[in-house]
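A.B. asks: from the sequence below, what's the structure:
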Amino acid sequence: MKLRLHFVVDPMGWLCTSMVFAIWLYNSVFIPKLVLLPHYNEGHIPWAIVVCYYIASALCIAALVRASTADPGRLPVDPHIPHAEREHWELCNKCNLMRPKRSHHCSRCGHCVRRMDHHCPWINNCVGEDNHWLFLQLCFYTQVLSLFTLALDFCQYYYFQPLTGQDQEKFTTRHELALLRLSTITGLVMFGGMTSLFYTQLTGIFSDTTTIEKMALFSNETYGSKRSWQWALAEVCGTRWKLLWLIPLRSRQPIQGGPHFRSHV
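C.D. replies: Numbering: from 1, shown residues only. You can find the predicted model right below:
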């Protein structure tokens, strides 16, 4: 599958995505400059902590950019419908186009998306069959980066030794609001919100039920049957290699021949 860029013209979505990017920028530039790098330079923390922090930050922004710009599974205007699968397709009453079952029409984007989970304003994109794995990665790496930032804020005031190269009274007066309050509050909000969202997404994946189907009290024996968590995540991520589940800089290929194999249009 080629990497296809997908942009949604929505000023409100752009605002929400900009807020998420601003929080990432704050945690990736301001906090390391004031806490991480100064304590590393004075030997209070090992180099491995610095490397892990920036790896988590890079993976987080990569997942955000990919989830925001990846095609979620938009259906073409004239899709090719295999003859054997025609009974699994239906007509959309909003755009009057044929679509496979479990697709949904997004009123904000204006088109149908295969196995659409929901429209997320924070990435200004739908979460569907082709970018669900990227959205899952974004939730996971946001949790990691937020927890890392909370740990740095805590250690700055209760564990790290005072920095010899800075005036501590001046440093505390100038940066206490930024470090202790703003960073901690945003870290707690992001970690709590993403943890809840990540858990909700995993339960939906394991039960093979999308958020839209849950809201519509969807119940179907074929799609709601039990399956192993390994296969459920492999189907969403498009690979059985577990290490690749965590890498956003790749393309997704639908798994062939699985128990819930769906045709890729």
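A.B. asks: what about the helices in the stretch 51-200 of the chain?
C.D. replies: With DSSP state H, counting those that start in this stretch as the criterion, the stretch 51-200 of the chain has helices at 132-158, 168-176, 184-206.
A.B. asks: where does pLDDT dip in the stretch 1-150 of the chain?
C.D. replies: In the prediction, the stretch 1-150 of the chain carries residues with pLDDT under 70 at positions 1-7.
A.B. asks: now the helices of the stretch 51-200 of the chain in a markdown table, with distance to Pro11 and mean neighbour count?
C.D. replies: (C-beta placed from N, C-alpha, C; glycine too.) Below are the helices of the stretch 51-200 of the chain laid out as a markdown table (distance: least, CB to CB, whole Å; neighbours: other CB atoms under 10 Å):
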| stretch | distance to Pro11 | mean neighbour count |
| --- | --- | --- |
| helix 132-158 | 21 | 21 |
| helix 168-176 | 33 | 12 |
| helix 184-206 | 23 | 16 |
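A.B. asks: can I get those in CSV with distance to Pro72?
C.D. replies: Listed next are those as CSV, based on distance: least, CB to CB, whole Å:
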stretch, distance to Pro72
helix 132-158, 8
helix 168-176, 40
helix 184-206, 14
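A.B. asks: quick one, which of those gets closest to Cys126.
C.D. replies: Closest approach to Cys126 among the helices of the stretch 51-200 of the chain is made by helix 132-158 (9.6 Å; CB to CB).
A.B. asks: what packs against the closest one?
C.D. replies: Packing partners of helix 132-158 (3 or more CB pairs under 8 Å, 6 or more residues apart in numbering; DSSP states H and E): helix 31, helix 47-69, helix 184-206, helix 229-237.
A.B. asks: between the second one and helix 132-158, how many degrees?
C.D. replies: In this structure, helix 47-69 runs at an angle of 140 degrees to helix 132-158, with axes from the mean of the first three to the mean of the last three CA atoms, to 10 degrees as the basis.
A.B. asks: quick revisit: and Trp24, which of the helices and strands packed on helix 132-158 is closest to it?
C.D. replies: Nearest of these (CB to CB): helix 47-69, 5.7 Å.
A.B. asks: tell me how far the closest one is from the chain's mean position?
C.D. replies: The chain centre lies 12 Å from the centre of helix 47-69; the measure is CA atoms, centre = their mean, to the nearest Å.
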